[in-house]
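K.L.:
okay, sequence plus prediction incoming.
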Amino acid sequence: MTGTTGITELLLSRIRDVADYPEPGVVFKDITPLLADPAAFTALTDALAEVAEHTGATKVVGLEARGFILGAPVALRAGLGFIPVRKAGKLPGATLSQAYELEYGSAEIEVHAEDLAAGDRVLVVDDVLATGGTAEASLELIRRAGARVAGLAVLMELGFLGGRARLEPALAGAPLRALLTV
Ligand SMILES: O=P(O)(O)OC[C@H]1O[C@H](OP(=O)(O)OP(=O)(O)O)[C@H](O)[C@@H]1O
Ligand SMILES: Nc1ncnc2[nH]cnc12
């Protein structure tokens, strides 16, 4: 079994910094080495599934695209349904939409309105929390769908961008768990 220090070091060692991507001044946190290592990916999935269990979540929302890669196995491991929040124009049914800005641009995300309902407690899973724009938009979508936010769980928080403080009102007391903070 991997201890807390062990998993922190393992995960950190599998995330690659790419300078000036996708634009000058941004240090991109590339998780592809982590995904390619089954031991690290399993440890990450287990840790996030434990968060899902602690929050009492009934559903897991993953944020396109990297949040899908992490969120789907977490949902299965926790025995919960997985709900995709997609970039605009990709879901075929009736959707709720929310525009937002992130560290390097702006976008719009959507969820199928029928996928969330009153009584659902939703854990949002993503890889990186940067400015918090993406996560904030997803929390807004969950509330507009009538569901409750159980929490937000990310692999890595970029603390210097202030996402945690920005998300306080939207989280409304629900926990924000980051496995790593830089
Ligand atoms: O906290 P923020 O400033 O909003 O940034 C964080 C978001 O940015 C990245 O997604 P991106 O939109 O680049 O999409 P991708 O997963 O498809 O690469 C990342 O996966 C988070 O979802
Ligand atoms: N610096 C960063 N690295 C990876 N994903 C991000 N999403 C927003 N900022 C990011």
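P.N.:
Cool, the structure landed. Keep in mind that what you see is a predicted model, and the values were worked out from it rather than measured. Ligands and ions are numbered 1, 2, ... in the order given.
K.L.:
what's opposite the residue positioned nearest the centre of the chain in the beta bridge?
P.N.:
The centre of the chain sits closest to D126, judged by C-alpha atoms, centre = their mean, with a distance of 1.8 Å. D126 forms beta bridges with V154, as assigned by DSSP bridges.
K.L.:
mind listing the helices for the protein?
P.N.:
Using DSSP state H, the helices of the chain run over 4-13, 32-35, 38-55, 66-78, 133-144, 163-171.
K.L.:
now render those as JSON lines, adding mean pLDDT and distance to ligand 1.
P.N.:
Bear in mind the C-beta positions are built from the backbone N, C-alpha and C, glycine included. Formatted as JSON lines, the helices of the chain follow (pLDDT from 0 to 100; distance: least, C-beta to the nearest ligand atom, whole Å):
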{"stretch": "helix 4-13", "mean pLDDT": "92", "distance to ligand 1": "16"}
{"stretch": "helix 32-35", "mean pLDDT": "99", "distance to ligand 1": "11"}
{"stretch": "helix 38-55", "mean pLDDT": "98", "distance to ligand 1": "14"}
{"stretch": "helix 66-78", "mean pLDDT": "99", "distance to ligand 1": "4"}
{"stretch": "helix 133-144", "mean pLDDT": "98", "distance to ligand 1": "3"}
{"stretch": "helix 163-171", "mean pLDDT": "98", "distance to ligand 1": "5"}
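K.L.:
let's have the ones you listed in CSV, adding mean neighbour count and distance to E114.
P.N.:
Listed next are those as CSV, based on neighbours: other C-beta atoms under 10 Å; distance: least, C-beta to C-beta, whole Å:
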stretch, mean neighbour count, distance to E114
helix 4-13, 14, 35
helix 32-35, 16, 30
helix 38-55, 18, 22
helix 66-78, 21, 18
helix 133-144, 22, 13
helix 163-171, 16, 23
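K.L.:
make TSV from those and add distance to ligand 2 to it.
P.N.:
Converted to TSV, the helices of the chain look like this (distance: least, C-beta to the nearest ligand atom, whole Å):
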stretch	distance to ligand 2
helix 4-13	14
helix 32-35	11
helix 38-55	15
helix 66-78	7
helix 133-144	8
helix 163-171	9
